[in-house]
Every structure is written in C-alpha cells, then in structure tokens.
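Asker: Please work out how this folds:
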Amino acid sequence: MKVAILVEDKLLMFLRDNKPGLFNANKWDFFGGGREDKETPQECAIREIQEELGFSIDPKLFVWGKLYPAQKDPTQKAVFMVAKLPQEYLDKINLNEGQRWNLFDQKSFFEREDVVEALKNRFGDYLKSQ
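Answerer: Numbers count the residues shown, from 1 in each chain. Now for the predicted structure:
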C-alpha cells in the first residue's frame, strides 16, 4: 500500500535509506507499507503515515484509490491511494523513516530518474481520472 500525499499541488515524498539489499534503496518514494492483521487499506495508510511522519490524518483526506500488482510480488495486489493534506501538516512532520522528506512539483516528479518508477504510472492514473 502506498499513498501519494498532495499538499496543495505538490507531492510529499521521502528519500529511502541507502542500505544494501533494501528494496528501492536511495529512491524517492511515497509513504506506505504492508497491512497488519485485518486492517483495511485506509487503516493501514493512516497507521503507516503515523509511523513514518509522526502525525495522524483524517480518513476524509483520502480522495482516490485503486488496486495494482504489488511492486515486490506482482502476483499479489497492492492499493495505491491519494490523500490531500492542508499546508499546516508540514509543520507536524517528524520523519521516522528514510533520509529526508521533500515536496516536488508534479512536473519534476515525472521527470526525475531517482523516483520509484512504478509510482509514476500510478499517480498518472490518478491525474487522468480527475
């Protein structure tokens, strides 16, 4: 499960750690992770954002979602969601995973070579749906 977080029209992302063997090491990524127990995708997203960014978000902030083949194992399904957060959430960030966070405009997101590639198609699908 991954969540593209929009703050105004910019994407909030984090630079994954640069550790040998880490999936998508040293790439810019959206927040998310695997579901635990009987979590819904949205419950998982809220928990992962809390763990990774240090704040909780209101479920009403999720605006879109779709199932895709999982990146690590395409025989499994993964949920990709989009959430829109107000600007004031940036002041609450306490990054607990990765090297650093940043905001990217959408044009540079699609142009960057150091972004997890699968995310470009998924976020592009969201944009096409709007």
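Asker: now the helices: where do they sit in the protein?
Answerer: Here the chain has its helices, by DSSP state H, at 41-53, 106-111, 117-129.
Asker: Now do the buried residues in the shortest one.
Answerer: With burial defined by 16 or more other C-beta atoms under 10 Å, the residues of helix 106-111 counted as buried are residue 109. (C-beta placed from N, C-alpha, C; glycine too.)
Asker: go on, the first one?
Answerer: The neighbour-count check on helix 41-53 (16+ other C-beta under 10 Å) flags 41-42, 44-49, 52-53 as buried.
Asker: among the helices of the chain, which is nearest residue 8?
Answerer: helix 106-111 (10.9 Å; C-beta to C-beta).
Asker: which residues sit against the closest one?
Answerer: Applying C-beta atoms under 8 Å, 6 or more residues apart in numbering, the contact partners of helix 106-111 are 9-11, 13, 115, 120, 123-124, 127.
Asker: picking that back up, any chance of the helices of the chain in JSON lines, plus distance to residue 4 and mean pLDDT?
Answerer: Output for the helices of the chain, formatted as JSON lines (distance: least, C-beta to C-beta, whole Å; pLDDT from 0 to 100):
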{"stretch": "helix 41-53", "distance to residue 4": "11", "mean pLDDT": "97"}
{"stretch": "helix 106-111", "distance to residue 4": "9", "mean pLDDT": "98"}
{"stretch": "helix 117-129", "distance to residue 4": "5", "mean pLDDT": "97"}
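Asker: Noted, bye for now.
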